[in-house]
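*Asks:* sequence and predicted model, in that order:
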Amino acid sequence: QVRVVESGGGLVQPGGSLRLSCAASGGNIVISAATWYRQAPGKQREPVATVTSRGHTNYTDLVKDRFAVSRDNEEPMVYLQMNTLKPEDTAVYYCKATIRHYSEPGWPLRDYWGQGTQVTVSS
């Protein structure tokens, strides 16, 4: 059974940095693509950063030039490096991983969500 787990959240002062990790486990799998989302209290969940199956990256304008998404080429892991954090970045951050299952016929792709990790930016 595939599991996706985020980690790395915490409390940081404005201007600080955090690195979030998204780890997938459960069989012969790789993360083909992934999108980091965030949800602030009282707001809808919104996409923040995406890494595609070809390694291309996309960002919402709110985090462009401050955040960087990357994918590990050896392990089923995705990262979100967050720099110059602002109070408005405070949210629960979720990873949606598109995972290819090499142990199944046809190597199907399926999406999985993690449980989220809290990021709080405050002085």
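*Replies:* Looks like it came in fine.

*Asks:* what strand or helix carries the residue of the chain most remote from its centre?
*Replies:* The outermost residue of the chain, judged against the average C-alpha position, is residue 105 (27.5 Å), by Cα atoms, centre = their mean. Following DSSP states H and E, there is no helix or strand that holds residue 105.

*Asks:* and it, how far from residue 118?
*Replies:* Remark: distance between residue 105 and residue 118 (Cβ to Cβ, to the nearest Å) = 39 Å. Just so you know, the C-beta spots here come from the backbone N, C-alpha and C atoms, and that holds for glycine as well.

*Asks:* show me where this structure has strands.
*Replies:* 3-7, 10-12, 18-25, 29-39, 46-51, 57-59, 67-71, 77-82, 91-101, 109-113, 117-121 (DSSP state E).

*Asks:* quick one, the fifth one and strand 67-71 angle?
*Replies:* This points to strand 46-51. Per axes from the mean of the first three to the mean of the last three Cα atoms, to 10 degrees, the angle that strand 46-51 makes with strand 67-71 is 50 degrees.

*Asks:* and what of the fourth one?
*Replies:* Angle between the axes of strand 29-39 and strand 67-71 is 160 degrees (criterion: the same axes, to 10 degrees).

*Asks:* likewise for the third one?
*Replies:* Between strand 18-25 and strand 67-71, the angle formed by their directions is 20 degrees, by the same axes, to 10 degrees.

*Asks:* need the strands of the chain in JSON lines (columns: mean pLDDT and mean neighbour count).
*Replies:* As requested, the strands of the chain are exported to JSON lines (pLDDT from 0 to 100; neighbours: other Cβ atoms under 10 Å):
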{"stretch": "strand 3-7", "mean pLDDT": "98", "mean neighbour count": "17"}
{"stretch": "strand 10-12", "mean pLDDT": "98", "mean neighbour count": "14"}
{"stretch": "strand 18-25", "mean pLDDT": "97", "mean neighbour count": "20"}
{"stretch": "strand 29-39", "mean pLDDT": "97", "mean neighbour count": "21"}
{"stretch": "strand 46-51", "mean pLDDT": "98", "mean neighbour count": "19"}
{"stretch": "strand 57-59", "mean pLDDT": "98", "mean neighbour count": "14"}
{"stretch": "strand 67-71", "mean pLDDT": "97", "mean neighbour count": "20"}
{"stretch": "strand 77-82", "mean pLDDT": "98", "mean neighbour count": "22"}
{"stretch": "strand 91-101", "mean pLDDT": "97", "mean neighbour count": "21"}
{"stretch": "strand 109-113", "mean pLDDT": "98", "mean neighbour count": "14"}
{"stretch": "strand 117-121", "mean pLDDT": "98", "mean neighbour count": "18"}
